[in-house]
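Peer 1: I'd like to go over a predicted model; first the sequence, then the structure.
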Amino acid sequence: MSFFKKIFSSEKKETLNKGLEKSNTSFFGKLSKAVAGKSKVDDEVLDNLEEVLVSSDVGVNTTLKVIERIEARVAKDKYLGTDELNKILREEIAGLLSETNSGEETDFVIPSDKKPYVLMVVGVNGVGKTTTIGKLAYQFKKQGLKVVLGAADTFRAAAIDQLQVWADRVDVPMVRQDMGSDPASVAFDALQSGVNQNADVIIIDTAGRLHNKVNLMNELTKVKRVMQKVVGDAPHDVLLVLDGSTGQNAFEQAKQFTAATEVTSLAVTKLDGTAKGGVVIGISDQFQIPVKYIGVGEGIEDLQVFNKYEFVDSFFK
């Protein structure tokens with residue numbers, strides 16, 4: 001399909017290929033065994049493919065959708081060779097991702113009619129939330145935008161300090177209070193400071209505690225309500241950060257957070273250290289929330305805007 005010719009810069013594509021290498025190698029190792037000795041796609045190949053997709057963390061429900069789509073192709077073309085399976089998989093999974101992700105973006109952009117653009121970031125501790133915020137601040141600043149950070153994860157002193165390290169590294173202002181302060185108060189101050197500084201983007205970090213969903217829900221609702229006193233339609237995006245290396249546990253986190261607050265986009269991190277890259281496909285499909293960013297390395301440039309065609313091309317290359 002011609003849409004696979006839409007590409008990043010060669011450097012970005014190389015980083016993406018490298019970041020998904022473990023997922024790609026693992027998937028194709030399993031796929032080769034699934035079609036070994038078979039020349040055409042039959043029921044046995046489809047059963048084996050189902051196992052491959054589930055074990056690659058695509059998720060059961062999404063796997064069944066993919067299998068149904070391939071079954072429909074087999075029914076139309078009575079003789080479908082196993083050598084065509086890779087191409088068909090690429091097309092059907094890109095089609096599935098198209099239902100949630102507009103997906104051709106390659107740059108870190110924000111809507112021109114929202115100023116300041118307020119981004120609230122949620123996710124449990126340890127998923128790469130603070131690092132993602134720091135890398136986003138770097139990318140937005142690189143675009144010539146004025147960025148302000150708000151350290152509203154006041155539950156842990158380490159979270160505030162870590163965000164400060166990123167703010168200093170990227171050279172953007174950060175609003176903070178002492179550990180234990182009211183997160184909504186920090187968010188309010190951050191938005192006020194951002195407005196006063198004529199900021200283009202304000203990124204608010206929030207606490208990632210899931211031990212009590214009701215408390216989390218109440219806290220995030222309060223943060224939103226207080227932000228709206230400064231910027232009436234804030235937040236413009238609620239970004240949930242998930243650790244791709246946790247596989248099915250990332251599904252559970254997505255379930256918990258989407259129940260606690262309205263999540264409008266996803267970032268999936270740590271894909272370079274895992275063979276569980278298929279989780280991006282399953283989470284996007286099951287929650288019908290667009291994946292906006294993916295983390296494919298530790299470098300400051302290794303947070304990429306998610307482009308579904310490039311992702312599928314690298315996953316199934």
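Peer 2: Cool, got the structure. Numbering: from 1, shown residues only.
Peer 1: tell me how many other residues crowd the closest residue in space to Ser98 that isn't next to it in sequence.
Peer 2: In this structure, Ser98 finds its nearest non-sequential neighbour in Lys308, 6.7 Å apart by CB to CB, 6 or more residues apart in numbering. For every residue, glycine as well, the C-beta is placed using N, CA and C. Counted with other CB atoms under 10 Å, residues neighbouring Lys308 total 26.
Peer 1: then Leu119?
Peer 2: 25.
Peer 1: I'd like the average pLDDT over stretch 123-130.
Peer 2: If you average the pLDDT over stretch 123-130, you get 91.
Peer 1: flag every buried residue along that stretch.
Peer 2: Gly123, Val124, Val127, Gly128, Lys129, Thr130 (16 or more other CB atoms under 10 Å).
Peer 1: in which helix or strand would I find the spatially most central residue of the chain?
Peer 2: Using CA atoms, centre = their mean, the residue of the chain that lies closest to the mean C-alpha position is Ala267, 2.2 Å off. In this structure, Ala267 sits in strand 265-269 according to DSSP states H and E.
Peer 1: next secondary structure after that strand?
Peer 2: Next along from strand 265-269, by DSSP H and E: helix 279-287.
Peer 1: partner strands of the helix or strand following that next one and their direction?
Peer 2: Using DSSP H and E, the next helix or strand after helix 279-287 towards the C-terminus is strand 291-295. Paired with strand 291-295 in the same sheet, following DSSP bridges, are strand 265-269 (parallel), strand 303-305 (antiparallel).
Peer 1: just to revisit the earlier point, which residues does the strand holding Ala267 contact?
Peer 2: The contact list for strand 265-269 (CB atoms under 8 Å, 6 or more residues apart in numbering) reads 127-128, 131-132, 237-244, 250, 254, 279-280, 283-284, 287, 289-295, 303, 306.
Peer 1: check stretch 69-83 too.
Peer 2: For stretch 69-83, the external contacting residues (CB under 8 Å, 6+ apart) are 35, 38-41, 45-46, 49, 85, 88-89, 92, 95-96.
Peer 1: next one: it to chain centre, how far?
Peer 2: 32 Å (CA atoms, centre = their mean, to the nearest Å).
Peer 1: quick check: mean pLDDT across that stretch?
Peer 2: Stretch 69-83 comes out at a mean pLDDT of 82.
Peer 1: can you dump the C-alpha coordinates of it into PDB?
Peer 2: Provided in PDB are the C-alpha atoms of stretch 69-83 (Å, rounded to 0.1, in the frame of the first residue of the first chain):
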ATOM      1  CA  ARG A  69     -10.300  -9.200   9.000                       C
ATOM      2  CA  ILE A  70      -7.800 -11.700   7.700                       C
ATOM      3  CA  GLU A  71     -10.500 -14.400   7.500                       C
ATOM      4  CA  ALA A  72     -12.500 -12.100   5.300                       C
ATOM      5  CA  ARG A  73      -9.500 -11.700   3.000                       C
ATOM      6  CA  VAL A  74      -9.100 -15.500   2.900                       C
ATOM      7  CA  ALA A  75     -12.800 -16.000   2.100                       C
ATOM      8  CA  LYS A  76     -12.400 -13.500  -0.800                       C
ATOM      9  CA  ASP A  77      -9.200 -14.900  -2.200                       C
ATOM     10  CA  LYS A  78      -9.500 -18.700  -1.900                       C
ATOM     11  CA  TYR A  79      -5.800 -19.200  -2.200                       C
ATOM     12  CA  LEU A  80      -3.800 -16.800   0.000                       C
ATOM     13  CA  GLY A  81      -0.200 -17.600   0.300                       C
ATOM     14  CA  THR A  82       1.600 -17.500   3.600                       C
ATOM     15  CA  ASP A  83       4.300 -15.400   1.900                       C
END
